[in-house]
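**Q** The following block contains a protein sequence and its predicted model.
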Number of protein chains: 2
Amino acid sequence: MQCVAGVVAQAVSRIKAQLLPQYPNVDDVIGLEHSYGCGVAIDAPDAVIPIRTLKHISLNPNFGGEVMVVSLGCEKLQPERLLPPGSFPITDERDASLGPDTVCLQAEHHVGLMSMLDDIVESARPHLARLNARRRQTIPASELVVGVQCGGSDAFSGVTANPAVGYCADLLVRAGATVMFSENTEVRDGVDQLTSRAASPEVAQAIVRELGWYDHYLERGRVDRSANTTPGNKAGGLSNIAEKAMGSIIKSGSSAISHVLAPGEKLRPDQRGLVYAATPASDFICGTLQLAAGMNLHVFTTGRGTPYGLAECPVIKVATRSDLARRWHDLMDVNAGKIADGEASIEATGWELFLLMLEVASGRKTWAEHWKLHNALVLFNPAPVT
Amino acid sequence: MQCVAGVVAQAVSRIKAQLLPQYPNVDDVIGLEHSYGCGVAIDAPDAVIPIRTLKHISLNPNFGGEVMVVSLGCEKLQPERLLPPGSFPITDERDASLGPDTVCLQAEHHVGLMSMLDDIVESARPHLARLNARRRQTIPASELVVGVQCGGSDAFSGVTANPAVGYCADLLVRAGATVMFSENTEVRDGVDQLTSRAASPEVAQAIVRELGWYDHYLERGRVDRSANTTPGNKAGGLSNIAEKAMGSIIKSGSSAISHVLAPGEKLRPDQRGLVYAATPASDFICGTLQLAAGMNLHVFTTGRGTPYGLAECPVIKVATRSDLARRWHDLMDVNAGKIADGEASIEATGWELFLLMLEVASGRKTWAEHWKLHNALVLFNPAPVT
């Protein structure tokens, strides 16, 4: 929560400087700050979305089940409400029925800031030790849960990067992996293209339900839909939203849509294949909700260029144009502009991306990881603040 | 905006490490990250609130008018919309009609991440040079714009810390200074105590208008009002919201309420005295909106304890209980618990706080500043995200 964020930031710095070098098999330690502790309508109907989002982010496999909670003590969103006993599978000597490992800053035994910092740092040790004992193992590609997203799109997005991602999505689904696509605002003007690909009537109904819920949410705020496309889209040559929708949807490839997730919901282990995770299109809210859904690898296509990166998950960035890939040579991981240049096919670029995904999942660093470019997680909270 | 946040964070680190030591009269350089660049309903009626909040934060006097904008390039909230030409008074050789000093990451001349970082760092130099030429001057206490807030309240808040802050608020108003109090959710159950102190019928109507707007906002989200008081309030002995409201309002002292600000509005130079800045009670949203309103010094009372701090403004923290002040000896700046102990009067504690404010305004560091405890700014966006 935000009250403790200043203290957590200093504790994380100390853990990184003092402890992390002792645990070479641990990649990083991340403080998941958020502002959903207090000052929110926590019992409003829509509050379920931010609360389950925070819970499910904690359960993202990229954290290896080793999460600790730093609580102020008086927050509305108490640790046992965020992560009720049993939220984590039992993986160690802790008793899962006790709930999350929690340091409470208001605890009576804390005297002064240093005792709070010491407590957090010491509590991190057993988590680091358990993580450090783990070794990289070869596992099948079917364990990948890839979230695809686009941002700063241009006229090339729908003809180079997004079709290559779509081809790769088909390869992933064929390999038994999971691919999530999202962005309600981008796909709603092409909803018939989604429902016609639903694997079952229930999936089609869920798509209609989620996009309907979202339309109602926008209406409550009297949204002028002309705000999408954005100035950048227009400058990039995207003339209207239907064109943008088709270009966006093509990222999902041609598989049947097997499942639909409401915002902040988490994939069940049996939910694989192509998934529509219904999220707003905001890059950061979409990425946050895909993380909550269980994404362990992220693909982001861009035409105008963005240095997007997350501390929580590797992000592979795909440029739609060779000019962008050339200028942003140390920020873009794949150049799909080769397709427009006639130098590579959609299929070849899709395969290139697929093979890069396997490498990144095996430890190769993306540019965003190399530079440690980290954007904030942004919660989707459709309920009021108070 | 959030797209550029990862790059800005690294640029700010470089500026602090490489440039700041050359400009000893400059206290700090701060990156004002936010997530209101894209993915927001920027033309919805309520979008005026987050947009003017961001604009007015840039104009906060604590930045000395030396603000630069890092733009991605394709964002919906373009720099010229955020800070239209003429937003800043002309204080140097720049032509104010040009709008803010802006580095655009998507600019054609940027090749690679380093050229973006170099551009931001070099652009900071003239700002730092102008700031460094300024010298601390003696100015009257009437220039203080103090934002008061409480968080993690307990049964002592309304009898120790808040009355002492109220007494100090009267001293400030008497000295010609400005005191802002806020927190719609905390005061609405005591609205008659506000309207009866309005300096004019227009002020009373503005109070009713703002709290009415806020009630409507909560109704849209179907808020269960029983969520306030919080678990921490109850554990601290605050039995109901009317009691909490009276304890909160007493922070404003006994002066007439001279002005009312809607969320994100900025004080005009002629608006002094006691001001009701109508904001949600969330500590971070309230602090952000008070910063936008022009706050240059912040007072925060707490009974349960919070390490609250802002990079943008000194925060003086006042403990309601001696036990808290003792345990959190290096986080609490004033112990109002002495009032309950019978060791100091409300008046004496109010004077202690007033004198501390003059010292802090003159350069003395608060505990939050000493430890560099910095919370995030959190925008109030009642409009939808997209």
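**A** Yes, it's here. This structure is a prediction, so every number in the text was calculated from the model and none was measured.

**Q** drop to CA atoms for contacts and neighbour counts, all remaining ones
**A** Noted.

**Q** And chain B, is stretch A:1-20 touching that?
**A** Yes: using C-alpha under 8 Å from any C-alpha of the partner chain, a contact is recorded between stretch A:1-20 and chain B, made by A:2-7.

**Q** would you turn the residues you listed into TSV with pLDDT, distance to residue B:316 and secondary structure?
**A** Below are the residues of stretch A:1-20 next to chain B laid out as TSV (pLDDT from 0 to 100; distance: C-alpha to C-alpha, whole Å; DSSP: H, G, I helix; E, B strand; the rest coil):
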residue	pLDDT	distance to residue B:316	secondary structure
A:2	94	18	helix
A:3	96	15	helix
A:4	97	17	helix
A:5	97	18	helix
A:6	97	16	helix
A:7	98	17	helix
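
**Q** Can you redo those residues as TSV, where the extra columns are neighbour count?
**A** Below are the residues of stretch A:1-20 next to chain B laid out as TSV (neighbours: other C-alpha atoms under 10 Å in any protein chain shown):
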residue	neighbour count
A:2	25
A:3	30
A:4	24
A:5	25
A:6	21
A:7	26
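
**Q** and of those, the nearest to chain B?
**A** residue A:6 (4.7 Å; C-alpha to the nearest C-alpha).

**Q** quick one: contacts for whichever residue of the stretch 251-386 of chain A sits closest to chain B?
**A** As assessed by C-alpha to the nearest C-alpha, chain B sits closest to residue A:282 within the stretch 251-386 of chain A, at 3.9 Å. By C-alpha atoms under 8 Å, 6 or more residues apart in numbering or on different chains, the contact set of residue A:282 is A:183, B:38-40, B:385-386.

**Q** Could you check what's spatially nearest to the residue in chain A sticking out farthest from the centre, not counting adjacent residues?
**A** Distance to the chain centre peaks in chain A at residue A:111, reaching 37.5 Å (criterion: C-alpha atoms, centre = their mean). Spatial nearest neighbour of residue A:111, chain neighbours left out: residue B:327 (4.5 Å); criterion: C-alpha to C-alpha, 6 or more residues apart in numbering or on different chains.

**Q** try residue A:14
**A** Closest to residue A:14 by C-alpha to C-alpha, 6+ apart is residue A:121, at 7.2 Å.

**Q** Contact residues of the stretch 201-350 of chain A facing chain B?
**A** Checking the stretch 201-350 of chain A against chain B by C-alpha under 8 Å from any C-alpha, the hits are A:217-218, A:220-224, A:227, A:230-233, A:280-284, A:304-309, A:326-331.

**Q** Just the buried ones among these, please.
**A** Buried members of these, counted by 16 or more other C-alpha atoms under 10 Å in any protein chain shown: A:217-218, A:221-223, A:227, A:230-233, A:280-284, A:304-309, A:326-331.

**Q** Would you map the strands across the stretch 151-300 of chain A?
**A** Listed in chain order, the strands of the stretch 151-300 of chain A (DSSP state E, counting those that start in this stretch) span A:178-181, A:257-261, A:273-277, A:297-302.

**Q** Which one of the ones you listed lies nearest to residue A:243?
**A** strand A:297-302 (15.9 Å; C-alpha to C-alpha).

**Q** for that closest one, packing partners?
**A** Judged by 3 or more C-alpha pairs under 8 Å, 6 or more residues apart in numbering or on different chains; DSSP states H and E, the packing partners of strand A:297-302 are strand A:145-150, helix A:161-174, strand A:315-319.

**Q** what distance separates the lowest-mean-pLDDT helix or strand in chain A from the middle of the whole chain?
**A** Between all helices and strands in chain A, the lowest mean by mean pLDDT, DSSP states H and E belongs to helix A:231-235, at a mean of 77. Centroid separation between helix A:231-235 and its chain, computed with C-alpha atoms, centre = their mean, to the nearest Å, is 25 Å.

**Q** Output that helix as PDB - backbone C-alpha positions only.
**A** Output in PDB follows, covering the C-alpha atoms of helix A:231-235 (Å, rounded to 0.1, in the frame of the first residue of the first chain):
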ATOM      1  CA  PRO A 231      -3.300  12.000 -31.900                       C
ATOM      2  CA  GLY A 232      -0.300   9.600 -32.300                       C
ATOM      3  CA  ASN A 233      -2.400   7.000 -34.100                       C
ATOM      4  CA  LYS A 234      -3.600   9.700 -36.500                       C
ATOM      5  CA  ALA A 235      -0.100  11.100 -37.100                       C
END
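
**Q** residues making contact with it?
**A** Helix A:231-235 is touched from outside by A:152-155, A:239, A:304, B:73-76, with contacts defined as C-alpha under 8 Å, 6+ apart.

**Q** Stretch A:10-25 too?
**A** A:26, A:28-31, A:117-118, A:120-121, A:124-125, A:128-129, A:131-135.

**Q** one more time with 7 Å, if that's ok
**A** A:29-31, A:117, A:120-121, A:128-129, A:132 (C-alpha atoms under 7 Å, 6 or more residues apart in numbering or on different chains).

**Q** could you show me where the helices are in the stretch 101-250 of chain A, in order?
**A** Assigned by DSSP state H, counting those that start in this stretch, the stretch 101-250 of chain A shows helices spanning A:113-132, A:161-174, A:184-187, A:191-195, A:201-220, A:231-235, A:241-249.

**Q** Neighbours of residue A:81, how many?
**A** Neighbours of residue A:81 under the rule other C-alpha atoms under 10 Å in any protein chain shown: 12.

**Q** For PyMOL, what selects the buried ones among the contacts of helix A:231-235?
**A** Here is the PyMOL selection string for the buried members of the contacts of helix A:231-235, based on 16+ other C-alpha under 10 Å:
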select buried, (chain A and resi 152+153+154+155+304) or (chain B and resi 73+74+75+76)
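
**Q** pLDDT check: weakest of the contacts of helix A:231-235?
**A** Lowest in pLDDT among these is residue A:239, which has 79.

**Q** Export stretch A:148-163 to CSV, keeping only CA atoms.
**A** The C-alpha coordinates for stretch A:148-163 follow below in CSV (Å, rounded to 0.1, in the frame of the first residue of the first chain):
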residue,chain,number,x,y,z
VAL,A,148,0.3,-9.5,-26.1
GLN,A,149,-0.4,-5.8,-26.2
CYS,A,150,0.2,-2.8,-28.6
GLY,A,151,0.7,0.9,-27.9
GLY,A,152,1.7,3.9,-29.9
SER,A,153,0.3,2.2,-32.9
ASP,A,154,0.6,3.4,-36.5
ALA,A,155,-0.5,2.4,-40.0
PHE,A,156,2.1,-0.3,-40.0
SER,A,157,1.0,-2.0,-36.8
GLY,A,158,-1.8,-3.9,-38.5
VAL,A,159,0.3,-5.0,-41.5
THR,A,160,3.7,-5.8,-40.0
ALA,A,161,4.1,-6.3,-36.2
ASN,A,162,0.6,-7.3,-35.2
PRO,A,163,0.2,-10.0,-38.0
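
**Q** Is there any residue in that stretch that contacts chain B?
**A** Yes: judged by C-alpha under 7 Å from any C-alpha of the partner chain, stretch A:148-163 and chain B are in contact via residue A:152.

**Q** from the middle of its chain, how far away would that stretch be?
**A** 18 Å.

**Q** any idea how far residue A:171 is from whatever residue of the stretch 101-250 of chain A ends up closest to chain B?
**A** As assessed by C-alpha to the nearest C-alpha, chain B sits closest to residue A:232 within the stretch 101-250 of chain A, at 4.0 Å. The gap separating residue A:232 from residue A:171 is 31 Å, by C-alpha to C-alpha, to the nearest Å.

**Q** wait, doesn't residue A:289 sit right on residue A:264?
**A** Yes: contact criterion C-alpha atoms under 7 Å: residue A:289 and residue A:264 qualify, at 5.3 Å.
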